[in-house]
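> got a predicted model here, sequence first, then my questions.
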Amino acid sequence: MKTIFWIRISSSDTKSTLSDTFIEEIVIILFNFYRKSVFMENLNLSKHQTFYAVGLSYKKADAETRGKFSLDAEAKTSILQQAKLEGIDSLIVTSTCNRTEIYGFAQHPFQLIKLMCENSIGTVEEFQKVAFVYKNQEAISHMFRVGTGLDSQILGDFEIISQIKNSFVESKSFGLANSFLERLINAVIQASKRIKNETEISSGATSVAFASVQYIINNVEGISQKNILLFGTGKIGRNTCENLVKHTKNDHIVLINRTKDKAEKIAGKFNLIVKDYTELQLEIQKADVLIVATGAQNPTIDKDILNLKKPLLILDLSIPKNVNENVKTLDNVSLVHMDYLSQLTDDTLEKRKLHIPAAEAIIDEVKLEFISWMKARKFAPTIHALKEKLNSIKDGELDFQRKKIANFDHDQAEIISNRIIQKITTHFANHLKDDNTMVDESIEWIEKIFQISPIVSEGEALQKVTYNER
């Protein structure tokens, strides 16, 4: 392929000499760069790390598999420490009953997958069967949907946003949160707040905690007079307890937790009974309904500790499962897991679906603001360096023309040159702002053409997220 440059620089009087010469220098810079690079093929301009979201959720992974990849507080901290040692710049880790995910920058997604597998009991092979890997725009979009409750197992459940906030705070304490990630988290929080306030997608009480209580009410006759035992007073246990008190009008609710003082704090709020962990087996025998919501990594309830003389309904709200499947072999035991409860749909949930378009419109609006910020943040150092380069050319040319031209008007030449520089840099900035496919490549070409090296703050070099990669 032949490419021909026709360059004609003419000057009719000394007044136009400065601007003509200035423009000529810029054209020569462009031409020389093109001449050197026109035959370079397969030029790799993307040397920066990529933003990924890797993980698994209820959509493809059942409760047993999710349990294998569940990360407790110690495991999450271990991942952050390991990431720091392995030179990963920025990431956050979230792990709930419905999902385990890592968002972060890496040369390859396996770096993040490896962190997850090495700090859980799940294998890479198991991960590959049920996992997702999103990059750049898709990773950003995924975080917005997760943080705003659109990707929750129960639509409109906003509990995940607090998990994301806490994860970010911990990552920041390890120095693993660059400005890109901080801005993204804040944008997701903003979208979450707006959706909660401006739509009715979270209207009505629909959550795993509420669904479990609703199931009990619908399946246990005379629930207000039955003995209910709640084992485990973590977040989902507290929410379930609150729903039990509110909707069953039952004053026979007993709380047991390995750490008794935690149970006593909740019991005091609702005027409930607390028993020692050592009395668990005895209290199970008295119970008509047993709700298990512990954070244990292995089953705490199995048929060997059930010495029952009456029917018992067990609801396992734990991930990993805390009730051994062998309890099903007992004739008077019914076991319901949270996966089943999460699938329960009612009028409230159906009404929430009507507000999805409004929620998505808010996400698009906030995400557009974030991407605009990201693009401006990305090319701002390059435009600044370009302006400095053009000013350097201008200063040299002004000095040359002052010596060459009699009665040289330096002030007028300064005004004209500055206007030219402003127009040139504005053209470049507008091109980068409007270019949605090859922003990174355009930036690097500008830097190579004008031989400039923008000064970027720590972590900003990792923010070169391409927009055409899906």
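Everything's here; your move.
> tell me the contacts of the most centrally placed residue in the chain?
Central residue of the chain (Cα atoms, centre = their mean): Met143, 3.6 Å from the mean position. The contact partners of Met143, by Cβ atoms under 8 Å, 6 or more residues apart in numbering, come to 53, 103, 164, 184, 188. (Each C-beta comes from the backbone N, C-alpha and C, glycine too.)
> among those, who's most crowded?
Comparing the contacts of Met143 by number of neighbours (other Cβ atoms under 10 Å), Tyr103 comes first, having 28 neighbours.
> can you tell me the SS state at that residue?
What DSSP: H, G, I helix; E, B strand; the rest coil gives for Tyr103 is strand.
> touching, it and Ile92? I think so.
Yes: contact criterion Cβ atoms under 8 Å: Tyr103 and Ile92 qualify, at 5.3 Å.
> now the common contact residues for those two.
Counting by Cβ under 8 Å, 6+ apart, the residues touching both Tyr103 and Ile92 are Leu181.
> please, which helix or strand holds Glu182?
Per DSSP states H and E, Glu182 falls inside helix 179-198.
> quick one: contacts of that helix?
For helix 179-198, the surrounding residues in contact (Cβ under 8 Å, 6+ apart) are 51, 90-92, 103-104, 140, 143-144, 147-149, 158, 161, 164-165, 168, 171-172, 177, 201-202, 358-359, 362-363, 366-367, 369-370, 373-374, 377, 457, 459-460, 462-463, 465.
> hmm, back to that, right, and the helix or strand after the helix or strand encompassing the residue nearest to the centre of the chain?
Per DSSP H and E: Met143 is located in helix 137-147. Scanning forward in sequence from helix 137-147 by DSSP H and E, the next helix or strand is helix 159-173.
> lowest-pLDDT helix or strand in the protein?
Within the chain, no helix or strand scores below helix 17-37, which has a mean of 56 by mean pLDDT, DSSP states H and E.
> any idea which helix or strand comes after it?
Using DSSP H and E, the helix or strand that follows helix 17-37 in sequence is strand 50-57.
> contacts for that following strand, please.
With contact meaning Cβ under 8 Å, 6+ apart, strand 50-57 is reached by 65-66, 69, 94, 98-107, 109, 112-113, 116, 127, 130-136, 138-140, 142-143, 151, 180, 462, 465.
> which ones are touching the residue nearest to Asn307 when sequence neighbours are not counted?
Among residues not flanking Asn307 along the chain, Gln285 sits closest, at 6.0 Å (Cβ to Cβ, 6 or more residues apart in numbering). The contact partners of Gln285, taken as Cβ under 8 Å, 6+ apart, are 307-309.
> select from those residues the one having the most neighbours.
Of the contacts of Gln285, with other Cβ under 10 Å as the count, Leu308 tops at 15 neighbours.
> and that one, that one's in a strand?
No: looking at Leu308 with three-state DSSP, it is coil, so not inside a strand.
> could I get the phi/psi values of it?
Dihedral pair for Leu308: phi -100, psi 150, per degrees, to the nearest 10.
> ok, it to Leu290 distance?
Relative to Leu290, Leu308 is positioned 10 Å away (Cβ to Cβ, to the nearest Å).
> common neighbours of the two, please.
With Cβ under 8 Å, 6+ apart as the test, Leu308 and Leu290 both reach Ile284.
> picking that back up, read off the pLDDT value for the residue nearest to the centre of the chain.
On pLDDT, Met143 comes in at 97.
> same thing with the one 4 residues further on?
Gly147 is assigned 95 on the pLDDT scale.
> what's the nearest residue to it if we skip its chain neighbours?
Distances taken as Cβ to Cβ, 6+ apart put Val188 closest to Gly147, at 3.9 Å, once the chain neighbours are dropped.
> state the distance from that neighbour to Phe379.
According to Cβ to Cβ, Val188 and Phe379 sit 24 Å apart.
> likewise for Thr199?
Noted for Thr199: a distance of 34 Å to Phe379, by Cβ to Cβ.
> same thing with Thr100?
35 Å.
> pick out whichever of Thr199 and Phe379 has more residues nearby.
The neighbour count for Thr199 versus Phe379, taken as other Cβ under 10 Å, is higher for Phe379 (23 against 20).
> from what I see, that one and Ala429 are in contact.
Yes: using Cβ under 8 Å, Phe379 is in contact with Ala429, at 7.0 Å.
> next SSE after the helix ranked longest in the chain?
Identified as the longest helix of the chain according to DSSP state H is helix 356-404. Counting by DSSP H and E, the element after helix 356-404 in chain order, helix or strand, is helix 410-434.
> can you give me the buried ones in that next one?
For helix 410-434, the neighbour count (16 or more other Cβ atoms under 10 Å) marks 413, 416-417, 420-421, 424-425, 428-429, 432 as buried.
> where does pLDDT dip in the stretch 101-250 of the chain?
Filtered on pLDDT under 70, the stretch 101-250 of the chain yields the residue ranges 203-207.
> and with 50 instead?
Nowhere does the stretch 101-250 of the chain drop to pLDDT under 50.
> Val188 and Glu74: what is the separation?
Here the criterion is Cβ to Cβ. By it, Val188 lies 26 Å from Glu74.
> likewise Phe158?
Counting by Cβ to Cβ - Phe158 and Glu74 are separated by 26 Å.
> please apply the same query to His384.
44 Å.
> higher neighbour count, those two?
Shown here are His384 and Glu74; by other Cβ under 10 Å, His384 has more neighbours (14 against 9).
> quick one: residues contacting the closest residue to the more buried one other than its chain neighbours.
Excluding its sequence neighbours, the residue lying closest to His384 (Cβ to Cβ, 6+ apart) is Pro454, at 6.8 Å. Pro454 sits next to 381-382, 384-385, 447 when contact means Cβ under 8 Å, 6+ apart.
> take the residues you listed and lay them out in a markdown table including pLDDT.
Output for those, formatted as a markdown table (pLDDT from 0 to 100):
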| residue | pLDDT |
| --- | --- |
| Pro381 | 75 |
| Thr382 | 78 |
| His384 | 79 |
| Ala385 | 81 |
| Glu447 | 79 |
